[in-house]
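A.B. asks: have a look; sequence and predicted model below, questions after that.
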Amino acid sequence: MPRAFHIPGVIFLFCAFVLLFLVSVSLPYLPALDIARVHFSGSSSTGDSTQGQLTELRYGIWAYCWYETSGERTCSPTGHGYSTTVYNADKSSWQAVGPSWTRGLAVHPVACGVTFIAFLLSLSTHVTFTLLASLVSFLAALLTLISFAIDIALFAFVKHQMGKLTGVSEHTDTAPGTRLFTATFYHILF
């Protein structure tokens with residue numbers, strides 16, 4: 001009978017690992033799974049934009065991408081801890097999101113790795129490995145909670161900064177990566 005209670009835990013850990021892996025890949029590799037999105041209705045551009053005006057700016061774990069009115073998607077170089085600067089049309093107002101706000105996003109792959117280790121340990125039926133799997137699962141849940149807090153903080157800061165742009169109508173929203181991450185956190189906890 002104890003094995004019957006063991007199998008759902010293994011399934012939940014596997015689902016959490018898969019979801020965390022997808023979120024960890026994020027932008028620019030999976031354009032649909034970003035952390036925060038800013039939709040622009042007014043005239044705006046990034047410091048990297050060479051052509052038209054922005055219609056959308058997406059923040060991922062490893063990079064940010066912007067969409068111009070021409071429909072072209074351009075992504076920043078992939079890296080850890082990137083920064084963005086957004087200007088209004090006449091470049092009289094600008095707002096920045098520095099690398100200190102995006103550096104913490106690297107906790108996502110760490111949480112993914114710890115969840116994978118917990119999943120591997122949970123495959124064993126030995127009492128010692130089962131106990132170790134429980135402890136590692138707790139650590140994975142804690143790291144996932146920290147990652148979720150970092151996502152929320154980044155979203156709130158981006159919303160605050162983009163709201164200060166003058167002459168630009170913008171709407172900041174959580175992206176599918178954050179929503180998928182919420183589902184992952186739910187799987188690990190329950």
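C.D. replies: Nice, I can see it. Numbers count the residues shown, from 1 in each chain.
A.B. asks: could you point out which element follows the helix or strand bottoming out on mean pLDDT in the chain?
C.D. replies: Here the helix or strand of the chain ranked lowest by mean pLDDT, DSSP states H and E is strand 44-46, holding a mean of 66. Following strand 44-46 in sequence order, the next helix or strand is strand 54-59 (DSSP states H and E).
A.B. asks: can you tell me what sits against that next one?
C.D. replies: Here strand 54-59 makes contact (C-beta atoms under 8 Å, 6 or more residues apart in numbering) with 27, 31, 34-40, 44-46, 64-69, 84, 86, 97, 102, 154, 158, 175. Bear in mind the C-beta positions are built from the backbone N, C-alpha and C, glycine included.
A.B. asks: adjacent strands (with direction) for it?
C.D. replies: Applying DSSP bridges to the sheet, strand 54-59 is found paired with strand 36-40 (antiparallel), strand 64-68 (antiparallel).
A.B. asks: alpha carbons of the last one, as CSV, please.
C.D. replies: C-alpha atoms of strand 64-68 as CSV (Å, rounded to 0.1, in the frame of the first residue of the first chain):
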residue,chain,number,x,y,z
TYR,A,64,14.8,40.2,-23.8
CYS,A,65,13.1,40.5,-27.2
TRP,A,66,11.3,43.4,-28.8
TYR,A,67,8.7,43.5,-31.6
GLU,A,68,8.7,46.5,-33.9
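A.B. asks: got a markdown table for the strands paired with strand 54-59, with mean pLDDT, mean neighbour count and distance to Lys91 too?
C.D. replies: Shown next, in a markdown table, are these (pLDDT from 0 to 100; neighbours: other C-beta atoms under 10 Å; distance: least, C-beta to C-beta, whole Å):
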| stretch | mean pLDDT | mean neighbour count | distance to Lys91 |
| --- | --- | --- | --- |
| strand 36-40 | 90 | 23 | 15 |
| strand 64-68 | 89 | 21 | 16 |
